[in-house]
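*Asks:* quick one, what's the 3D model for this:
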Amino acid sequence: MSGATGAPPIYLDADACPVKDETYRVAARYGSTVHVVANSVLNLPREPWIMRVVVGSALDAADDWIAERAGPGSIVLTADVPLAARCVKAGATVLAFTGKPFSEASIGMALATRDLMQSLREAGTITGGPNPFSRADRSAFLSALDRAVNRILRDRPKAV
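*Replies:* Sure, this is the predicted structure:
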């Protein structure tokens, strides 16, 4: 479902998301509806365009909810590579919280890297964690989300 302006809906994989406020800022600018999907109740701003979706604690419940709704003309924000793959396959625009886009061209490598790192962790190899989230990541995310919304709005067929 789009906002009143025809802006794309945004599906936010909200558990451990560091860019909720930035997402709300961009969504407010364009009139997008934000579906904040989590396994538990989160404290959210009281805005009619911010939808709280609590899916419960079942494994992959949030991923399933988002993947069932994602498609062309929608934006998915996640750090979960398998969810990103499902949404890319469905035709959605998918961004990591750092602003890095997931695409058909990049998702295979992202899945392979994720699987390799998981195998190394399971084997006991010390791999370290991700780099700390930085101001540069936050800025890159804001720019990427703004570009994604604009691209979807620009590419929509014009009403006659």
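*Asks:* from K20, how far off is A27?
*Replies:* 10 Å (CB to CB, to the nearest Å). All C-beta atoms are positioned from the backbone trio N, CA, C, and that covers glycine.
*Asks:* so between those two, which is more surrounded?
*Replies:* Taking other CB atoms under 10 Å, A27 and K20 do not tie; A27 has more neighbours (24 against 19).
*Asks:* and for the nearest residue to V26 once chain neighbours are set aside, the neighbour number?
*Replies:* Among residues not flanking V26 along the chain, L145 sits closest, at 4.8 Å (CB to CB, 6 or more residues apart in numbering). For L145, the number of neighbouring residues by other CB under 10 Å comes to 24.
*Asks:* let's verify L145: helix, strand, or coil?
*Replies:* Put simply, L145 is helix when judged by DSSP: H, G, I helix; E, B strand; the rest coil.
*Asks:* distance of it from D15?
*Replies:* When L145 is compared with D15 (using CB to CB), they lie 19 Å apart.
*Asks:* and what of L95?
*Replies:* 16 Å.
*Asks:* same check on W65?
*Replies:* Taken as CB to CB, the span from W65 to D15 is 12 Å.
*Asks:* where do the helices of the protein begin and end?
*Replies:* For the chain, the helices defined by DSSP state H cover 20-30, 61-69, 81-89, 107-122, 135-155.
*Asks:* between the ones you listed, which has the poorest mean confidence score?
*Replies:* Between the helices of the chain, the one with the least mean pLDDT is helix 107-122; it has a mean of 65.
*Asks:* without its sequence neighbours, what residue ends up closest to D15?
*Replies:* A38 (5.1 Å).
*Asks:* show me the contacts for the one you found.
*Replies:* A14, D15, V53, V54, V55, A62 (CB atoms under 8 Å, 6 or more residues apart in numbering).
*Asks:* what number of residues lie near M51?
*Replies:* Counted with other CB under 10 Å, the neighbours of M51 add up to 17.
*Asks:* quick check, central residue of this protein?
*Replies:* Nearest to the mean C-alpha position of the chain, by CA atoms, centre = their mean, lies L77 at 0.7 Å.
*Asks:* so it versus R156, what's the distance?
*Replies:* Counting by CB to CB, the gap from L77 to R156 is 20 Å.
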